[in-house]
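*Asks:* using only what follows, build the 3D model:
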Amino acid sequence: MQELRGKLAELRGELESFSTGVVARVEPIRSEVETLTGKIESALASLRPEVEKLGGELSEKIDSLDAELAKMEP
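*Replies:* Numbering: from 1, shown residues only. Down below sits the predicted model:
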C-alpha cells in the first residue's frame, strides 16, 4: 500500500510538472494570437470602407447592364 501511495505521489508530481510546463508554453502563444487577432481586426476594419465602395460600384454596373439587357428583349 505504501508503494502504491508513493507511486501515486510520483505521478501526481509529474502531472503537476507537465501542467506547469504546458501553461508556460501556451501563455505566450495565446498572447501572440490575441495580438495578431487585434491586428487582423484593425486591418479588416480599415479595408471595409474600400470594399463596400467597390461593392456599391459593382452593384451599380450590374444594375446598368440589367437595364440594357431588358431594353434588348423583345
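*Asks:* need the strands for this protein, in chain order.
*Replies:* Secondary structure of the chain (DSSP state E): no strands present.
*Asks:* tell me the centre residue of it?
*Replies:* With distances taken as CA atoms, centre = their mean, Thr37 lies nearest the centre of the chain, 6.4 Å away.
*Asks:* check contacts around that residue.
*Replies:* Residues near Thr37 by CB atoms under 8 Å, 6 or more residues apart in numbering: none. C-beta: built from backbone N, CA, C; applies to glycine.
*Asks:* which pLDDT value belongs to it?
*Replies:* Reported pLDDT at Thr37 in the predicted model: 96.
*Asks:* distance check, it against Leu8.
*Replies:* 41 Å (CB to CB, to the nearest Å).
*Asks:* how far off centre is stretch 61-74?
*Replies:* 41 Å (CA atoms, centre = their mean, to the nearest Å).
*Asks:* pull out the buried positions in stretch 62-74.
*Replies:* Under the neighbour-count criterion of 16 or more other CB atoms under 10 Å, stretch 62-74 has nothing buried.
*Asks:* what do you get for stretch 32-43?
*Replies:* Buried-residue list, stretch 32-43, by 16+ other CB under 10 Å: empty.
*Asks:* how far does it sit from the chain's center?
*Replies:* 9 Å.
*Asks:* check stretch 33-52 too.
*Replies:* 11 Å.
*Asks:* likewise for stretch 3-23?
*Replies:* Going by CA atoms, centre = their mean, where stretch 3-23 is centred and where its chain is centred differ by 34 Å.
*Asks:* over to stretch 38-57?
*Replies:* On CA atoms, centre = their mean, the centre of stretch 38-57 falls 17 Å from that of its chain.
*Asks:* contacts for it next, please.
*Replies:* Outside stretch 38-57, no residue touches it (CB under 8 Å, 6+ apart).
*Asks:* now it: buried residues?
*Replies:* Within stretch 38-57, judged by 16+ other CB under 10 Å, no residue is buried.
*Asks:* please, where are all the helices along the chain?
*Replies:* 2-72 (DSSP state H).
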